[in-house]
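In: any chance you could fold what I've pasted below:
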Amino acid sequence: MKVGLISLGCAKNQIDSEEVLSYLARNEFIIVGDLSLAEMIIINTCGFLKASKKEAYDVIDEVKEYNVPIVVIGCLAERNEEELKKDKPFVDLVIPIHDYPNFGYKLQKLIKDKKLSGNVENTKRVYSTPSYQAYLKISDGCNNRCTYCTIPLIRGGFHSIPLKTLQIQMDEIASNGVKELVVISQDTTRYGTDHPELKEDICTLLKEALKHEEFKFIRLLYLYPDEITDSLIDLFKDNPRLTPYFDVPIQHSSDKILSRMHRRGDRKYLSSLFKKIREKIPNAILRTTIMVGFPSENEEDIADLLSFMNEVKFDHLGVFTYSREKGTPSYDYDEQVPSKVKAERYNRVMKEQAKISYEQNKKHLGEVMTALITGYDEENLCYRGTSYVFAPDDIDGELSIYSDRELEIGSCVKVKIVNTSIYDLIGELIH
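Out: Residues are numbered from 1 along each chain as shown. Okay, the predicted model is just below:
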């Protein structure tokens with residue numbers, strides 16, 4: 001039977017999709033990329049925000065035209081199972097996340113011509129990333145209970161994946177020749193704290209990753225500010241293969257807003273943390289995520305935020321507007337900010353960050369850095385690459401590399417930065 005799978009949302013969802021693909025392959029399904037050839041379509045949905053729900057619904061409506069069984073899984077299936085069944089009655093099967101241990105049993109209801117065996121396992125994946133890159137999900141769920149966030153409603157409480165399981169995954173990933181390992185979870189720096197008796201933490205896990213010489217870039221994403229210990233910073237300082245890219249979502253700088261968001265750490269703490277990172281690791285890249293338009297946010301709070309951005313000078317900063325989500329405490333907060341005001345504040349923050357990003361990028365002029373070749377741009381006659389400066393998904397910007405000889409995709413080369421723009425870097429191959 002030919003099956004097509006559509007994966008929506010974040011990299012963590014992508015890993016779930018890879019585990020589902022492995023289950024399908026082990027049961028001798030044929031995975032097809034062309035949905036017109038599929039005899040069944042599985043959609044792994046995101047359900048984090050209203051926009052995510054709309055995207056999922058749009059995709060479900062689009063695949064209806066293929067007239068084959070539709071299976072909906074993932075976060076939206078977990079968060080809105082009954083509503084989804086009511087809104088999209090033509091969907092043949094909905095499997096929420098809490099039912100993944102019974103994935104095979106559930107899917108068997110649609111499959112009449114074969115007996116399914118085994119189940120979805122986090123040590124078995126069909127990798128959908130390029131051959132030089134792989135994600136490693138080290139935990140799931142979240143205990144932080146930020147007042148705007150639906151993740152605990154969808155993924156439950158925080159739980160670490162056992163280190164032995166992750167060691168098996170890293171062994172396999174390394175054997176595949178992967179050069180960039182991207183370590184992710186909902187709360188990466190909390191790893192191991194749910195089992196203190198094991199005395200394993202994020203530093204323990206990273207030391208295991210460092211044992212694999214194949215990994216030239218080991219990148220950590222989604223770090224909670226007050227969980228970034230001196231030991232973790234020192235580990236990065238002492239190990240060049242740990243990419244000095246600190247992805248630390250702070251959401252805001254105003255103490256008033258941080259308190260209403262139920263975020264740990266105030267403005268003073270955040271300022272001290274970023275100063276410490278840059279003092280210990282001068283070439284550290286700082287990335288954060290900001291939310292504007294949270295209930296009761298006013299012009300004083302925005303002024304505080306813009307001031308903080310100019311103080312820290314983040315290399316990369318993402319902004320999104322507050323989304324009022326049912327089931328979260330902030331849904332019932334007074335002083336909801338009008339959409340028009342949210343949009344204006346979003347634009348103002350993005351405009352300010354563009355200036356900062358440009359100034360930060362100019363500091364790389366003349367720098368020689370190691371780059372991983374990721375593709376070739378036929379239009380501009382240059383290679384594309386990644387380095388310690390950028391996230392693996394191009395969300396920060398692009399590194400263009402000009403070379404007078406052919407370069408192999410997935411190879412590591414030395415590049416000298418010769419030009420910059422607001423978000424991008426341009427380099428030349430060093431022979």
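In: count the neighbours of Tyr105 for me.
Out: For Tyr105, the neighbour count with other CB atoms under 10 Å is 12. Bear in mind the C-beta positions are built from the backbone N, C-alpha and C, glycine included.
In: distance from stretch 147-163 to the middle of the chain?
Out: 14 Å (CA atoms, centre = their mean, to the nearest Å).
In: pretty sure Val368 is touching Glu428, no?
Out: No. Contact between Val368 and Glu428 fails when scored by CB atoms under 8 Å: they sit 10.1 Å apart.
In: contacting residues for Lys88?
Out: Residues near Lys88 by CB atoms under 8 Å, 6 or more residues apart in numbering: Tyr57, Ile60, Asp61, Val72.
In: just put the residues you listed in CSV and tack on secondary structure and pLDDT.
Out: Below are those laid out as CSV (DSSP: H, G, I helix; E, B strand; the rest coil; pLDDT from 0 to 100):
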residue, secondary structure, pLDDT
Tyr57, helix, 96
Ile60, helix, 97
Asp61, helix, 96
Val72, strand, 97
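In: quick one: which of these is most hemmed in?
Out: The residue in the contacts of Lys88 with the most neighbours, by other CB under 10 Å, is Val72 (25 neighbours).
In: all strands for the stretch 201-350 of the chain, in order.
Out: Under the criterion DSSP state E, counting those that start in this stretch, the stretch 201-350 of the chain contains strands at 217-220, 245-247, 285-292, 316-321.
In: could the ones you listed go into CSV alongside distance to His159 and mean pLDDT?
Out: As requested, those are arranged in CSV below (distance: least, CB to CB, whole Å; pLDDT from 0 to 100):
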stretch, distance to His159, mean pLDDT
strand 217-220, 19, 97
strand 245-247, 21, 97
strand 285-292, 23, 98
strand 316-321, 27, 96
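In: which of those strands sits closest to Val20?
Out: When the strands of the stretch 201-350 of the chain are compared by CB to CB, strand 217-220 sits nearest Val20, at 24.4 Å.
In: which other helices and strands contact that closest one?
Out: Packing contacts for strand 217-220, counted by 3 or more CB pairs under 8 Å, 6 or more residues apart in numbering; DSSP states H and E, involve strand 180-184, helix 202-210, strand 245-247.
In: picking up where we left off before, between the contacts of Lys88, which is nearest Gln336?
Out: Tyr57 (24.3 Å).
In: now do the strands in the stretch 51-200 of the chain.
Out: Ranges of strands within the stretch 51-200 of the chain are 70-74, 93-96, 133-137, 139-140, 159-160, 180-184, based on DSSP E, counting those that start in this stretch.
In: where does the closest residue in space to Leu365 that isn't next to it in sequence land in three-state SS?
Out: Leaving out its chain neighbours, the residue that sits closest to Leu365 by CB to CB, 6 or more residues apart in numbering is Ile417, at 5.7 Å. Following DSSP: H, G, I helix; E, B strand; the rest coil, the label given to Ile417 is strand.
In: give the contact list for Ile417.
Out: Contacts of Ile417 (CB under 8 Å, 6+ apart): His364, Leu365, Gly366, Glu367, Val368, Met369, Leu425, Ile426, Gly427.
In: for Asp230, same thing?
Out: Residues counted as contacts of Asp230 (CB under 8 Å, 6+ apart) are Lys276.
In: one step back: can you list the contacts of Lys88 in CSV and add distance to Cys10?
Out: Conversion of the contacts of Lys88 to CSV gives the following (distance: CB to CB, whole Å):
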residue, distance to Cys10
Tyr57, 18
Ile60, 19
Asp61, 22
Val72, 17
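In: tell me the two of the residues you listed that are most distant?
Out: Asp61 and Val72 (11.9 Å).
In: next, work out how far apart the closest residue to Leu5 other than its chain neighbours and Val3 are.
Out: In space, Leu5 comes closest to Ile42 once its chain neighbours are excluded; the distance is 4.6 Å by CB to CB, 6+ apart. Taking CB to CB, to the nearest Å as the measure, Ile42 falls 6 Å from Val3.
In: who has more neighbours, those two?
Out: Neighbour totals were compared for Ile42 and Val3, and Ile42 leads with 25 against 22 (other CB under 10 Å).
In: test my guess that the more buried one contacts Gly74.
Out: No. Taking contacts as CB under 8 Å, Ile42 lies outside contact range of Gly74: 9.5 Å.
In: thinking again about what came up before, in the sheet, who's paired with the residue nearest to Leu365?
Out: Gly427 (DSSP bridges).
In: could you list the domains of the protein?
Out: 2-108, 133-362, 368-429 (automatic domain parsing).
In: turn those into CSV, including distance to Thr123.
Out: Output for those, formatted as CSV (distance: least, CB to CB, whole Å):
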stretch, distance to Thr123
domain 2-108, 9
domain 133-362, 5
domain 368-429, 22
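In: who wins for proximity to Arg125 among the ones you listed?
Out: With CB to CB as the criterion, Arg125 lies closest to domain 2-108 of the domains of the chain, at 3.9 Å.
In: so for that closest one, first residue to last residue, what's the gap.
Out: With CA to CA, to the nearest Å as the measure, the first residue of domain 2-108 is 15 Å from its last.
In: cool, stretch 216-231 as well?
Out: Using CA to CA, one end of stretch 216-231 lies 21 Å from the other.
In: now that stretch: how far from the chain's centre is it?
Out: The chain centre lies 14 Å from the centre of stretch 216-231; the measure is CA atoms, centre = their mean.
In: for that stretch, which positions count as buried?
Out: Neighbour counts over stretch 216-231 (16 or more other CB atoms under 10 Å) mark Lys216, Phe217, Ile218, Arg219, Leu220, Leu221, Tyr222, Leu223, Tyr224, Pro225, Glu227, Ile228 as buried.
In: of these, closest to Asp404?
Out: Out of the buried residues of stretch 216-231, the member with the shortest distance to Asp404 (by CB to CB) is Lys216, at 23.5 Å.
In: show me the contacts for the closest one.
Out: So Lys216 contacts Lys179, Glu180, Arg241, Thr370, Leu372, Cys412 (CB under 8 Å, 6+ apart).
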